[in-house]
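S.K.: This is the structure alone, sequence omitted:
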């Protein structure tokens, strides 16, 4: 089971992602953040397994936040979210574990979670 965080300045996106994540049986908890400082405070506690970070959104420096996430908590898997396909290549260059094109649906989200689960299973031999 994973604890997920969603980081975005768009309240509609936060609500959508929380709803989708709560619909996935491998997600134990979902916490939404509109402020980077609140997210970083929680990240430092080591309780976030997957971070869904919005890139290309005004008021949020998603790429910088991704790099900070990987430094503060290397075990946290990062998934980029964006309304533009152009960030997909950047996501994988930054070693993101996934990419969601917004608006996402349950099937898209479930595929990302399943890919993370498969990688974790290979890594830990489960």
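M.R.: Thanks, I have the structure now. Keep in mind that this is a model prediction, so the values were computed, not measured. Numbers count the residues shown, from 1 in each chain.

S.K.: Run through the residues that contact the nearest residue to residue 77 once chain neighbours are set aside.
M.R.: The shortest distance from residue 77 to any non-neighbouring residue, by Cβ to Cβ, 6 or more residues apart in numbering, is to residue 97 (4.1 Å). Glycine gets a C-beta too; all of them are placed from N, C-alpha and C. Counting by Cβ atoms under 8 Å, 6 or more residues apart in numbering, residue 97 makes contact with 50, 77, 78, 79, 112, 115, 116, 119.

S.K.: who are the neighbours in contact with the closest residue in space to the fifth one that isn't next to it in sequence?
M.R.: Yep, that's residue 112 we're talking about. Counting by Cβ to Cβ, 6+ apart, residue 112 lies nearest to residue 98, which is 3.9 Å off, once chain neighbours are set aside. Residues near residue 98 by Cβ under 8 Å, 6+ apart: 77, 79, 80, 91, 112, 115, 116.

S.K.: helix or strand for residue 103, which one?
M.R.: Take DSSP states H and E as the rule and residue 103 turns out to sit in neither a helix nor a strand.

S.K.: This protein: helices as residue ranges?
M.R.: Taking DSSP state H to define them, one finds helices in the chain at 11-22, 36-43, 62-72, 87-93, 106-124.

S.K.: Can you lay out those helices as TSV showing mean neighbour count?
M.R.: Below are the helices of the chain laid out as TSV (neighbours: other Cβ atoms under 10 Å):
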stretch	mean neighbour count
helix 11-22	17
helix 36-43	16
helix 62-72	17
helix 87-93	15
helix 106-124	14
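
S.K.: Compare those helices and report which one is nearest to residue 5.
M.R.: Closest to residue 5 of the helices of the chain is helix 36-43 (Cβ to Cβ; 6.2 Å).

S.K.: Mind checking which residue lies nearest the centre of this structure?
M.R.: Residue closest to the mean C-alpha point of the chain, counted by Cα atoms, centre = their mean, is residue 52 at 1.6 Å.
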